[in-house]
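Student: Predicted model and sequence follow; I will ask about them next.
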Amino acid sequence: MTTYAKNHKDEIAIAISRGLKLDALVKKYGVSRSTINRIVKEVKAYGIIPKRGRPSQTRSIPDANIGNGSSTPFPFPIYDPERFEKEINRLKNINIGLTSEKVITPWSHVGASACASFFPNRYNAIRKGSISAFEAWTNEHYMRRAISFQIKRGDPITPHRILRALTLICRTPTIFKPSIAKFIYARYCSKVTWDPCAGYGGRLLGAFAAGVHYIGTDVEIATIEGNKKLAEVLGTNHELIMSPAESFDPPKVDLVFTSPPYFDRECYSENKNQSWKKHGQSLSAWIEGFLRPVIERARIALSIDGFLALNVANIKNNTVPIIDRTISVAIESGFRHIDTLRMPLAAINRAATPYEPILIFQ
């Protein structure tokens, strides 16, 4: 392979994945047909162009924009019963604890992959200032960055690995780590929990692993349906309700545990009931219209010895003080701030701090 071809391998791989014909590739990149054929074979082997007989590795997503001539369907994870069962068993058997510095350890993503196939809508969510993973899949600039990322890491250029790179580059909203959720339930909940912002199944799965009855609310129908399907596969009677958390009347519970939106940092959809759409005129408006009512409803729902656990974070380089405002609102609502646990972040996602807090109130 020529030096030019090596230096432009990622670019050529993208062109191949978009279905550019051999003669056009030779003309565009000025390299021999044998060189292009070599790269085609490698890219096919890696999976950017799916092999025949392996359709289970990729599938198209309803309403996904995979136009622009792309020959590779969006590689959303597909439910695999055997792999799912193994992941559930790993989650049940993992032991999570606290260090003397209140760090939840070990960091583990076990269980997250078991949730992934139930929430195709996650890839439509947008981090403020970026684009969705769906959009990035057909965006030349983002695809080039993702393939370059994989090449630099020495990883195979498979569709699923490219998607993983895109979710990191686009900062796609993550699945809450089920292992951490399991730890929180085991520590603070005896029987029943309410999750005001259910999200993408991580806390539901953690509740299942901890033997806790889970009640989850969310404003996204696709998210609620995904959680319902996950609960059905698990064989549980967890309750999933489509409702804004700030207007939901929960029953008596032992724990209220959630990771609410960080004000307007993430746009999960254009649903008018999303808190950033409904109350996002300013941080104060969001706190008074969304966060305070949720905390006050948690106070009413909790049993005498119950706990409130909130995973929140400051945004915009700590210039938006969500953590301090959350503590103030909780205290004003009658809670005592009794602890702050430190939840590790994946090394590749760490910014100024390697942790996010989980605030514990009673």
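Tutor: Yes, it's here.

Student: residues making contact with stretch 240-248?
Tutor: With C-beta atoms under 8 Å, 6 or more residues apart in numbering as the test, stretch 240-248 has contacts from 196-198, 215-221, 224, 227-228, 231, 258, 260, 273, 275, 278, 289-290, 293-294, 297. (Glycine included, C-beta is placed from N, CA and C.)

Student: pLDDT averaged over stretch 355-362, what's the number?
Tutor: Averaging pLDDT along stretch 355-362 gives 96.

Student: so how far is that stretch from its chain's centroid?
Tutor: When C-alpha coordinates are averaged (C-alpha atoms, centre = their mean, to the nearest Å), stretch 355-362 and its chain have centres 19 Å apart.

Student: Measure how buried R325 is and give me the count.
Tutor: The burial count assigned to R325 is 19, neighbours taken as other C-beta atoms under 10 Å.

Student: if I look at the spatially closest residue to it that is not a sequence neighbour, how far off is R90?
Tutor: Sequence neighbours aside, I287 is the residue nearest to R325 in space, at 5.7 Å (criterion: C-beta to C-beta, 6 or more residues apart in numbering). For I287, the distance to R90 (C-beta to C-beta, to the nearest Å) stands at 38 Å.

Student: Between these two, tell me which one has more neighbours.
Tutor: More crowded of I287 and R90, by other C-beta under 10 Å: I287, with 19 against 16.

Student: Roughly how far does that one sit from V312?
Tutor: 11 Å.

Student: Which of the contacts of stretch 240-248 fall within strands?
Tutor: Judged by DSSP state E, the contacts of stretch 240-248 include I215, G216, T217, D218, T258 as members of strands.

Student: what helices or strands is the lengthiest strand in the chain leaning on?
Tutor: With secondary structure taken from DSSP E, the chain has its longest strand at strand 302-311. Strand 302-311 is packed against helix 178-188, strand 253-258, helix 292-301, helix 322-332, strand 355-361, with contacts defined by 3 or more C-beta pairs under 8 Å, 6 or more residues apart in numbering; DSSP states H and E.

Student: where along the chain do the strands fall?
Tutor: 97-98, 104-105, 126-127, 192-195, 213-218, 239-242, 253-258, 266-267, 302-311, 337-344, 355-361.

Student: what distance separates the fifth one from the centre of its chain?
Tutor: When you say that, I think you mean strand 213-218. 18 Å.

Student: thinking again about what came up before, and T72, which of the strands of the chain is closest to it?
Tutor: strand 126-127 (22.0 Å; C-beta to C-beta).

Student: Which secondary structure elements does that closest one sit against?
Tutor: In terms of contacts (3+ C-beta pairs under 8 Å, 6+ apart), strand 126-127 is packed against strand 266-267.

Student: go again using 7 Å as the cut-off
Tutor: Contacts defined by 3 or more C-beta pairs under 7 Å, 6 or more residues apart in numbering; DSSP states H and E place strand 126-127 against no helix or strand at all.

Student: What are the neighbouring residues in contact with the spatially closest residue to S190 that is not a sequence neighbour?
Tutor: In space, S190 comes closest to D254 once its chain neighbours are excluded; the distance is 5.1 Å by C-beta to C-beta, 6+ apart. For D254, the contact set (C-beta atoms under 7 Å, 6 or more residues apart in numbering) comprises C189, S190, K191, V192, T193, S303, G306.

Student: And R83, by the same measure?
Tutor: Taking C-beta under 7 Å, 6+ apart as the definition, R83 has no contacts.

Student: How confident was the prediction at it?
Tutor: Per the predicted model, pLDDT is 96 at R83.

Student: what's the answer for K6, then?
Tutor: pLDDT at K6 comes out at 54.

Student: At the geometric centre of the protein, which residue sits there?
Tutor: T174 (1.7 Å; C-alpha atoms, centre = their mean).

Student: Can you give me the pLDDT of it?
Tutor: pLDDT at T174 comes out at 90.

Student: show me where the stretch 51-200 of the chain has helices.
Tutor: Along the stretch 51-200 of the chain, counting by DSSP state H, counting those that start in this stretch, helices occupy 81-93, 112-116, 133-137, 140-153, 159-170, 178-188.

Student: so where is this protein shaky, pLDDT-wise?
Tutor: 1-31, 33, 35-71, 263-265, 267-280, 316-319, 347-352 (pLDDT under 70).

Student: how does it divide into domains?
Tutor: 3-76+131-170, 178-361 (automatic domain parsing).

Student: measure the closest residue to V329 other than its chain neighbours to F248 for me?
Tutor: Computed as C-beta to C-beta, 6+ apart, the closest residue to V329 that is not its neighbour in sequence is R292, at 5.1 Å. From R292 over to F248 the distance is 14 Å, taken as C-beta to C-beta.

Student: swap in G206?
Tutor: For G206, the distance to F248 - C-beta to C-beta - is 21 Å.

Student: Give me the more crowded residue out of these two.
Tutor: G206 (28 against 17).

Student: excluding its backbone neighbours, what's nearest the more buried one?
Tutor: A181 (2.5 Å).

Student: for F335, same thing?
Tutor: F361 (3.8 Å).

Student: how close does that neighbour get to Q150?
Tutor: Taken as C-beta to C-beta, the span from F361 to Q150 is 42 Å.

Student: ok, the nearest residue to P75 once chain neighbours are set aside - how many residues close by?
Tutor: Nearest residue to P75 in three dimensions, chain neighbours excluded: P159, at 3.6 Å (C-beta to C-beta, 6+ apart). Residues near P159, counting by other C-beta under 10 Å, number 21.
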